[in-house]
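Colleague: here you go, sequence then predicted model.
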Amino acid sequence: MWSFDYARIPPISFGAGKLTRLPQLVRQFRGQVVLLVTGGTSLQRSGKLAWVKNLLEQSGMTVHHVACDAEPTVTLIDGVVTSYRTLSVDVVISIGGGSVVDAGKAISAMLPHDNSIIDHLEGVGRGVAHSGVKKPFIAVPTTSGTGSEVTKNAVISEVGVAGYKKSIRHDNFIADGVIVDGELLTSCPRDVTAACAMDAFTQLLEPFLSPTVSPLTEAIAWSGLEALKDSLLPACGTAAADVTVRERLAYASLLSGIALANDGLGIVHGLASPIGGFFPIPHGVVCATLVASSVRANLRALRQRAPTSPALKKLARVGALVVDSSERRGDDSCDALVDTLDQWTTILQVPKLSQYGINDHDLEKILDLAENRNNPIELTRAEIRSLLEERL
Ligand SMILES: [Fe+2]
């Protein structure tokens, strides 16, 4: 029997040129005063920031702009909210990567309130439940990785010895509108594109393998994997300026957000949180660097301890998909998946953990906080340590 609950999916406008619909979308929320959240420089450099501000202002809107050049922190969110709380902001719009979308989501959640966001951060603050009252929020992703445009949480980081990556979360925080415009994506740099695409792949594979996955998420994740397998390498190479290729990645990323929001994530993301809290390493890079070694560890553990697990058949299906084999070759296809992920890691020159200052003596504290939740098999501490060591 099937039994599942599904989170709300926001209205989505997908396609080249759809950004021109932004004023129309803002007007749906009776928006006159807009707070535009972007990244540090790339949107400015490309001229798109001036273009968007002009588009909104020509529609009679007042636009305030705030730039976030790093993953959002409590200090950043509290600071922006304090500065703009009295300016009658009607709608918050994020145009940028996952950090920018998370920042805008958190700002929209906190603008109607006068307390610090830390009160609502899971596992960090006072555990105060958020009322769900927020400002309307529109997400326009410009990288294809986190899927934050369709999730109900915003990740807030404090990096350091006592660092963390924790979420503020509420069903109401799901964006009220999403625009995915391929023309915005072509200027995303190669290294960011590569890390985000590998993260999107991980966010499709991990829910797909979840022991509690719904048939709806299986279908969504599969569609995303189909779109991603042929666009990942071209988007990082000769087809970087090809809007169609970029769209495929953006589609995969969008679906990865829906999949993870509903059926959870596995060991890669169970490690990404503590690693990203302790060290200044982008989320996409952690996932990109660990996905091949994690799939290898899962495959080995499944073969040893759960040889009849449905996850093995699913890994074989994904393996056959990524190598374009119409024949189901069982175990061989599982190995083909691992080989392909190793090749992608090499071709895309995915950095190793040590390039971000992570060494052997850091592994124990990472392992203490690692989570196996929704992984297809419970990995032992030694197995997790080993997959980390592969990428030091
Ligand atoms: Fe991720």
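Modeller: Structure received.
Colleague: my guess is residue 12 contacts residue 178. True?
Modeller: Yes: applying C-beta atoms under 8 Å as the test, residue 12 and residue 178 come out as touching, 4.6 Å apart. The C-beta positions use only the backbone N, C-alpha and C, and glycine is treated the same way.
Colleague: who touches both of these two?
Modeller: The overlap between the contact sets of residue 12 and residue 178 (C-beta atoms under 8 Å, 6 or more residues apart in numbering) consists of 150, 254.
Colleague: out of these two, which sits in the busier spot?
Modeller: A direct count of neighbours by other C-beta atoms under 10 Å for residue 12 and residue 178 places residue 178 higher, at 24 against 17.
Colleague: what's opposite the more buried one in the beta bridge?
Modeller: Residue 178 has these beta-bridge partners by DSSP bridges: residue 12, residue 139.
Colleague: nearest spatial neighbour of the residue of the stretch 1-150 of the chain found nearest the ion, chain-adjacent residues omitted?
Modeller: Closest contact between the stretch 1-150 of the chain and the ion, by C-beta to the ion, is at residue 146 (5.8 Å). The shortest distance from residue 146 to any non-neighbouring residue, by C-beta to C-beta, 6 or more residues apart in numbering, is to residue 98 (3.0 Å).
Colleague: compute the number of surrounding residues for that neighbour.
Modeller: Count around residue 98 with other C-beta under 10 Å applied: 28.
Colleague: these two touch, right, it and residue 144?
Modeller: No: using C-beta under 8 Å, residue 98 is not in contact with residue 144, being 9.8 Å away.
Colleague: give the residues shared as contacts by those two.
Modeller: With C-beta under 8 Å, 6+ apart, residue 98 and residue 144 have common neighbours residue 196.
Colleague: OK, contacts around the residue of the stretch 1-150 of the chain closest to the ion?
Modeller: Neighbour list for residue 146: 97-98, 101-102, 196, 199, 203, 253, 257, 283-284 [criterion: C-beta under 8 Å, 6+ apart].
Colleague: closest to residue 306 out of the residues you listed?
Modeller: residue 203 (23.0 Å; C-beta to C-beta).
Colleague: tell me which residues of stretch 63-73 are tucked away?
Modeller: 63-64, 66-68, 71-73 (16 or more other C-beta atoms under 10 Å).
Colleague: can you lay out those residues as JSON lines showing secondary structure, distance to residue 86 and pLDDT?
Modeller: Listed next are these as JSON lines, based on DSSP: H, G, I helix; E, B strand; the rest coil; distance: C-beta to C-beta, whole Å; pLDDT from 0 to 100:
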{"residue": "63", "secondary structure": "strand", "distance to residue 86": "17", "pLDDT": "97"}
{"residue": "64", "secondary structure": "strand", "distance to residue 86": "12", "pLDDT": "97"}
{"residue": "66", "secondary structure": "strand", "distance to residue 86": "15", "pLDDT": "95"}
{"residue": "67", "secondary structure": "strand", "distance to residue 86": "20", "pLDDT": "94"}
{"residue": "68", "secondary structure": "coil", "distance to residue 86": "20", "pLDDT": "90"}
{"residue": "71", "secondary structure": "coil", "distance to residue 86": "27", "pLDDT": "88"}
{"residue": "72", "secondary structure": "coil", "distance to residue 86": "21", "pLDDT": "94"}
{"residue": "73", "secondary structure": "coil", "distance to residue 86": "22", "pLDDT": "95"}
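Colleague: quick one: which of those residues is nearest to residue 241?
Modeller: Distances from residue 241 to the buried residues of stretch 63-73, taken by C-beta to C-beta, are shortest for residue 67, at 25.0 Å.
Colleague: need the contact list for the closest one.
Modeller: Residues in contact with residue 67 (C-beta under 8 Å, 6+ apart) are 37-41, 44.
Colleague: state the pLDDT value of the residue in the chain that the ion sits nearest to.
Modeller: Closest residue of the chain to the ion, C-beta to the ion: residue 199 (4.2 Å). Note for residue 199: predicted pLDDT of 96.
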